[in-house]
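Peer 1: 3D model of this:
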Amino acid sequence: MFTQLVESKPARKRSSAGTAVSFVAHYGLILVVIYTSAEAADVSSRSRVEKIIFEDLEKTKPKETPRAQPELIVAPAPPKTVPILTAPIDIPNTLPEIDLTKAPTDPNAYSGDRRSSGSSSGTQPEAEPAPRQDKDYFAFEVEKPVVQAPNSAAPAYPDLLRQAGVEGEALVSFVVDTLGRVDVATFKVIRTTHDLFAAAVKNALPRMRFIPAETSRGRVRQLVQQPFSFAIVK
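Peer 2: Below is the predicted model of the structure:
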């Protein structure tokens with residue numbers, strides 16, 4: 001075996017000049033690297049100055065265009081409506097019954113001597129007008145209403161109804177004049193249980209006598225509403 005390697009080419013011997021050039025080149029490269037690193041560190045160590053620019057917001061703010069005000073619209077006045085009157089469906093053809101024996105108000109409010117009342121100013125009270133002879137007064141319009149005379153005639157009991165044992169009544173109205181007599185032309189039947197009772201009253205009215213109604217100025221005609229009862233006395 002071989003104890004020594006055989007080189008393919010013989011090794012060259014470096015000269016001293018080449019070594020010196022190589023050293024200088026490497027030294028110069030190292031200096032360049034050191035200088036460059038020092039400059040970079042100096043630049044990085046310097047404080048960075050930032051420039052801040054302040055802008056006027058009022059100038060940069062976009063201007064708003066004024067909005068147009070809406071036009072005021074006046075509402076028209078509501079139309080005038082005319083109330084519609086509705087006629088009643090059922091129209092009464094008869095007058096309601098009136099009880100003339102009951103005064104609707106206090107008769108004292110319409111009575112009294114007005115001449116006795118005076119005023120503090122000393123003026124004379126107005127005289128009460130004379131009663132009208134062509135007017136039929138109600139009971140509450142007079143001071144003394146009509147009263148039937150004590151010995152006046154009375155209606156006769158119808159024989160037919162007496163024999164049948166029928167009892168009843170008749171409510172009639174009539175006018176008593178200033179002489180105390182009945183004006184038969186004003187006779188009206190308001191309510192009756194039998195027509196014969198109403199006929200008996202009508203036949204007796206010309207013979208009946210009454211005390212006429214009076215006011216403070218004299219006698220007057222009065223409309224009377226009076227009931228007549230018919231009963232069988234056993």
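Peer 1: just checking, what packs against the helix or strand harbouring T186?
Peer 2: Using DSSP states H and E, T186 sits within strand 182-192. Here strand 182-192 touches strand 168-176, helix 195-204, strand 218-230, going by 3 or more CB pairs under 8 Å, 6 or more residues apart in numbering; DSSP states H and E. No exception for glycine: its C-beta is placed from N, CA and C like everyone else's.
Peer 1: Pick the most deeply packed of the ones you listed.
Peer 2: strand 168-176 (a mean of 21; mean count of other CB atoms under 10 Å).
Peer 1: Sheet partners, orientation included, of it?
Peer 2: strand 182-192 (antiparallel), strand 218-230 (antiparallel) (DSSP bridges).
Peer 1: now those strands as JSON lines including mean pLDDT and distance to P158?
Peer 2: JSON lines is the format used below for these (pLDDT from 0 to 100; distance: least, CB to CB, whole Å):
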{"stretch": "strand 182-192", "mean pLDDT": "95", "distance to P158": "12"}
{"stretch": "strand 218-230", "mean pLDDT": "94", "distance to P158": "8"}
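Peer 1: Tell me the first helix or strand C-terminal of the worst-scoring helix or strand of the chain on mean pLDDT.
Peer 2: Here the helix or strand of the chain ranked lowest by mean pLDDT, DSSP states H and E is helix 57-60, holding a mean of 61. Using DSSP H and E, the helix or strand that follows helix 57-60 in sequence is strand 136-137.
Peer 1: before we move on, back to that, TSV for the strands paired with strand 168-176, including distance to V32?
Peer 2: Listed next are these as TSV, based on distance: least, CB to CB, whole Å:
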stretch	distance to V32
strand 182-192	151
strand 218-230	152
